[in-house]
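Engineer: could you look at this predicted model? Sequence included:
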Amino acid sequence: DGGITQSPKYLFRKEGQNVTLSCEQNLNHDAMYWYRQDPGQGLRLIYYSQIVNDFQKGDIAEGYSVSREKKESFPLTVTSAQKNPTAFYLCASQSSGTAQAEAFFGQGTRLTVV
Amino acid sequence: AQSVTQLDSQVPVFEEAPVELRCNYSSSVSVYLFWYVQYPNQGLQLLLKYLSGSTLVKGINGFEAEFNKSQTSFHLRKPSVHISDTAEYFCAVSDRITGFQKLVFGTGTRLLVSP
């Protein structure tokens, strides 16, 4: 089945640690996105990539990093510089970076700092 | 820059009753409009979208929305809800130039359907 897979579903991080969230898609989509979701705040764009080996910062990129070495993979690293990383993280992909193309979302990763 | 306002954070409704979830947007350019649904601890699923043409848009699961340019609104409606419609609903907007990467979401409306 085609789709987007995020792993792990739940992740716990200690203060000062970097963690990496995985996002893999087998839809052959060019564009991929990372969003952060906090209660009462909707979704905010962290990073996006429209092509392999290229990515751009979204609205809240500070404390995060990404890579796009393969078309199907877009991992997100939450670094120790991110002061409040506890949130629900959603990955999305789209066949192209235009609004007409439907975006497909993964099931999310819930990150908690302990 | 665009912005989206979802006027109700929570909407309680009884099963089989009609429901309307309100969404207003602001933008200085022409926009595309979307409604997404999110079930607990899940990703988002597209319900419907307005790109152009007819202002009444029909989506999945019996939902529809009407684009009203003069009132800058895109309210979501369903004539008869089911328990399974209990979820969070997000309105989103993007302008016709920058596309999806500048998709701006509202803060969400939680629909609570009770028997």
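Structural biologist: Structure's in. What do you need? Note that the structure is predicted; figures quoted are calculated from it, not measured. Residues are numbered from 1 along each chain as shown, chains lettered A, B, ... in the order given.
Engineer: surely residue A:18 is in contact with residue A:79?
Structural biologist: Yes. Applying Cβ atoms under 8 Å, one finds residue A:18 in contact with residue A:79, separated by 5.0 Å. For glycine as for every other residue, the C-beta is placed from the backbone atoms N, C-alpha and C.
Engineer: give the buried residues for stretch A:102-114.
Structural biologist: A:103, A:104, A:105, A:106, A:107, A:108, A:109, A:111, A:113 (16 or more other Cβ atoms under 10 Å in any protein chain shown).
Engineer: oh sorry, the question was meant for stretch A:79-96
Structural biologist: A:82, A:85, A:87, A:88, A:89, A:90, A:91, A:92, A:93, A:94.
Engineer: chain B next: which of those are close?
Structural biologist: Filtering those for neighbours of chain B using Cβ under 8 Å from any Cβ of the partner chain leaves A:90, A:92, A:94.
Engineer: one step back: may I see the buried residues of stretch A:79-96 arranged in JSON lines, with secondary structure as well?
Structural biologist: Converted to JSON lines, those look like this (DSSP: H, G, I helix; E, B strand; the rest coil):
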{"residue": "A:82", "secondary structure": "coil"}
{"residue": "A:85", "secondary structure": "coil"}
{"residue": "A:87", "secondary structure": "strand"}
{"residue": "A:88", "secondary structure": "strand"}
{"residue": "A:89", "secondary structure": "strand"}
{"residue": "A:90", "secondary structure": "strand"}
{"residue": "A:91", "secondary structure": "strand"}
{"residue": "A:92", "secondary structure": "strand"}
{"residue": "A:93", "secondary structure": "strand"}
{"residue": "A:94", "secondary structure": "strand"}
